[in-house]
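Novice: Please work out how this folds:
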Amino acid sequence: MSIGAIDTGRIEAMMAQLKAAAARTSPANANPVSDSALQTRQAAGAVDFQSVLKTSLDQVNQVQLQSQQLAQRFEMGDSTVSLSDAMISLQKSSIALQQTVQVRNKLVSAYQEIMAMGV
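Specialist: Here you go, the predicted model:
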């Protein structure tokens, strides 16, 4: 890797990942779930909300841990890890955490609305 040169392959790979993520969360896919959860839904007829939520939280945790390890490897001078890889990984984990917080906020808001309903 040469410093100062732009690796267009990595940029194109990142753009492909972003487009794939956008396609999964587009309005056409109003209920985004992982492929394994989708297969479970088709097999069982319904998705267990608790398992989907736990899987999502586990994925966010895994992204956080991987980005932390990558950043530590860069800090320790590992020549196989570039600054851009470490920063991109940290940004991905930050975005994943922000998304999780927003989902939590929506769930709390929905719960409060349900509790405020008159029976």
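Novice: from here on, contacts and neighbour counts on C-alpha atoms
Specialist: OK.
Novice: what packs against the one helix or strand Q50 maps to?
Specialist: Secondary structure from DSSP states H and E places Q50 in helix 49-75. Counting contacts by 3 or more CA pairs under 8 Å, 6 or more residues apart in numbering; DSSP states H and E, helix 49-75 packs against helix 83-116.
Novice: burial count for R73?
Specialist: Residues lying near R73 (other CA atoms under 10 Å) number 16.
Novice: nearest residue to it other than its sequence neighbours?
Specialist: Closest residue to R73 apart from its sequence neighbours, by CA to CA, 6 or more residues apart in numbering: V81 at 6.9 Å.
Novice: Let me see the contact set for the residue nearest in space to the middle of the chain.
Specialist: Among the residues of the chain, A96 comes closest to the average C-alpha position under CA atoms, centre = their mean, at 4.3 Å. Residues near A96 by CA atoms under 8 Å, 6 or more residues apart in numbering: V60, V63.
Novice: Repeat the analysis, applying 10 Å as the threshold.
Specialist: Neighbouring residues of A96 by CA atoms under 10 Å, 6 or more residues apart in numbering: S56, L57, Q59, V60, N61, V63, Q64, L90, Q102.
Novice: From one end of stretch 65-84 to the other, what's the distance?
Specialist: 17 Å (CA to CA, to the nearest Å).
Novice: roughly how far out does that stretch sit from the chain middle?
Specialist: With CA atoms, centre = their mean, to the nearest Å as the basis, stretch 65-84 stands 19 Å off its chain's centre.
Novice: any residues touching it, and which ones?
Specialist: Contacts for stretch 65-84 (CA under 10 Å, 6+ apart): 1-3, 10, 59-64, 85-94.
Novice: Let's see that with 7 Å instead.
Specialist: A86, S89, L90, S93 (CA atoms under 7 Å, 6 or more residues apart in numbering).
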